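# 3D, please:
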Amino acid sequence: MIAVGLAWALAVGAAAPPPPHERILWPDEEFDPHPIRERLPVEYFKSIGVQSRAYHAFGPLSLPSRSPMQVLRMTFTPATPMTIGEGRLLLRESFSWANLWAYQEGLFRIDMEVVRMSTSVFYGLTDSIQIGIEVGSLDAGGGFADRYIEGFHDTFRIPQQDRDAFARDEFAISLQTPNGGIGIIDEPGGPQIEDPVMHLQVRLSEGHHGSPVTMAGVHVRFAGDRERVLQPGRGLDVGAFISAAKSWGDFLLYGSVMAAYYDSQSFRGLPLRPWQWSVLGAAEFRASQATSLVAQILVTRGAVDDFGELSKPSHEISIGTKTELSPGVLFEAAILENLFLHDNSPDFGFHMAMTWAL
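Here you go, the predicted structure:
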């Protein structure tokens, strides 16, 4: 009888409609009547803006462009909605490695492996306005991966794009300039510190009643007068973006569009476009309370006019995961591969980052 009564009670409880606004809450989580909005529960990761059921979204991968044209100029990456809360800090350390290959006979050859590390700090002025700064370092060389990449291409019958016509694991930049000269760089010049990028981000809407969370912001970089082998730009660079995020259950979509003006408009005698645009699209699946799976694509306008594939937009596809290791500590890892879109894109790479909400 006890078993029958218990079964009947469970059945009635399962069939009963939930009270208005009721949803499952994790232990010690405070109730929030707005199912899609930014907020800062003490016990969970606090950095990214939209919410999926009782979970908190971790957002897209913090991965900048790794395309071959980054050798000529480091472009800005459009941001997506993020909230850290008034008076709080967000610290991120990131690492990325990429194998770059771009070749067009008579125009250019870019052949190298690049390692980039960066430190970012964001501070919440209010619940909807935050500022930040990012400083990165860049190192390039011939690397080690050409043999494995060529083998992968042969196995899956992916075109080598003339990679096998040159020696493996070389560092090389050669560019045909408009005056008929050929600029050749065969020494990377050692590690270099990038110019700092300053960020201002403002949340425009909180995403109530099914509408997306929206944010706008600017990135500013002042490039000092320093001689560098890679990314030798000088002057003031400014980018402005607008972005949105929307959740459907455990799925979240992100989009951001940016336009940027770059003061430095040449590389070793090769003219560069002053204006470039970028578009970021990402999808996140909340696999569990602590883990997300992320796929994203970053498209950036080419940096040069009438210069083969370097004039075409780059398409960078990344897939990865984000895991909350402990409250306020987030780890992410991802891979890049240009299986489908080869022009002006990294051949292969991987990315890791750690983020702390303080």
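
# Show me the shaky parts of the stretch 201-350 of the chain.
225-229, 231-233, 339 (pLDDT under 70).

# try 80 this time
Within the stretch 201-350 of the chain, the segments meeting pLDDT under 80 span 208-210, 223-234, 268-269, 338-344.

# ranges for the strands of it?
According to DSSP state E, counting those that start in this stretch, the stretch 201-350 of the chain carries its strands in the segments 213-223, 235-248, 251-261, 266-267, 270-271, 275-286, 291-300, 314-326, 329-337, 348-357.

# Turn these into CSV, columns for mean neighbour count.
From N, CA and C alone the C-beta is placed, and that goes for glycine too. CSV is the format used below for the strands of the stretch 201-350 of the chain (neighbours: other Cβ atoms under 10 Å):
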stretch, mean neighbour count
strand 213-223, 20
strand 235-248, 19
strand 251-261, 20
strand 266-267, 18
strand 270-271, 17
strand 275-286, 19
strand 291-300, 20
strand 314-326, 19
strand 329-337, 18
strand 348-357, 19
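
# these two touch, right, residue 345 and residue 315?
Yes: contact criterion Cβ atoms under 8 Å: residue 345 and residue 315 qualify, at 5.6 Å.

# Tell me which of the strands of the stretch 201-350 of the chain sits nearest to residue 57.
strand 251-261 (5.1 Å; Cβ to Cβ).

# what about the residue sitting nearest the centre point of the chain, which SS state?
With distances taken as Cα atoms, centre = their mean, residue 63 lies nearest the centre of the chain, 2.9 Å away. Following DSSP: H, G, I helix; E, B strand; the rest coil, we place residue 63 in the coil state.

# show me what contacts it?
Residue 63 sits next to 77, 94, 96, 296, 298, 318, 334, 336, 351, 353 when contact means Cβ atoms under 8 Å, 6 or more residues apart in numbering.

# shared neighbours of residue 345 and residue 315, which are they?
Common neighbours of residue 345 and residue 315 (Cβ under 8 Å, 6+ apart) are residue 338.

# Let me know the angle separating the one helix or strand residue 121 maps to from strand 348-357.
Per DSSP states H and E: residue 121 is located in strand 108-124. Here strand 108-124 runs at an angle of 10 degrees relative to strand 348-357 (axes from the mean of the first three to the mean of the last three Cα atoms, to 10 degrees).

# which helices and strands does the next helix or strand after strand 108-124 pack with?
Later in the chain than strand 108-124, the nearest helix or strand by DSSP H and E is strand 129-141. Secondary-structure packing of strand 129-141 (3 or more Cβ pairs under 8 Å, 6 or more residues apart in numbering; DSSP states H and E): strand 108-124, strand 192-193, strand 197-206.

# pLDDT of strand 129-141, averaged?
Regarding strand 129-141, the rounded mean pLDDT is 93.

# Can you pull out the residues in contact with it?
Contacts to strand 129-141, defined as Cβ under 8 Å, 6+ apart, come from residues 71, 82-84, 90, 112-125, 171, 188, 190-194, 196-203, 229-231.

# Could you report the separation of the residue nearest to the centre of the chain from residue 116?
From residue 63 across to residue 116, the span is 10 Å (Cβ to Cβ, to the nearest Å).

# what's the overlap in contacts for the two?
Common contact partners of residue 63 and residue 116 (Cβ under 8 Å, 6+ apart): residue 96.

# What about residue 148? Give its phi and psi, please.
Here is the backbone geometry of residue 148 (degrees, to the nearest 10): phi -70, psi -40.

# Give me the pLDDT value at it.
Note for residue 148: predicted pLDDT of 85.

# burial count for it?
Per other Cβ atoms under 10 Å, the neighbour tally for residue 148 reads 12.

# Over to residue 102?
25.

# would a markdown table of the strands of the stretch 201-350 of the chain with distance to residue 105 be doable?
Listed next are these as a markdown table, based on distance: least, Cβ to Cβ, whole Å:
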| stretch | distance to residue 105 |
| --- | --- |
| strand 213-223 | 32 |
| strand 235-248 | 32 |
| strand 251-261 | 31 |
| strand 266-267 | 20 |
| strand 270-271 | 17 |
| strand 275-286 | 26 |
| strand 291-300 | 24 |
| strand 314-326 | 20 |
| strand 329-337 | 25 |
| strand 348-357 | 23 |
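
# of all those strands, which lies closest to residue 146?
Closest approach to residue 146 among the strands of the stretch 201-350 of the chain is made by strand 348-357 (10.4 Å; Cβ to Cβ).

# That's all I had, so thanks and see you.
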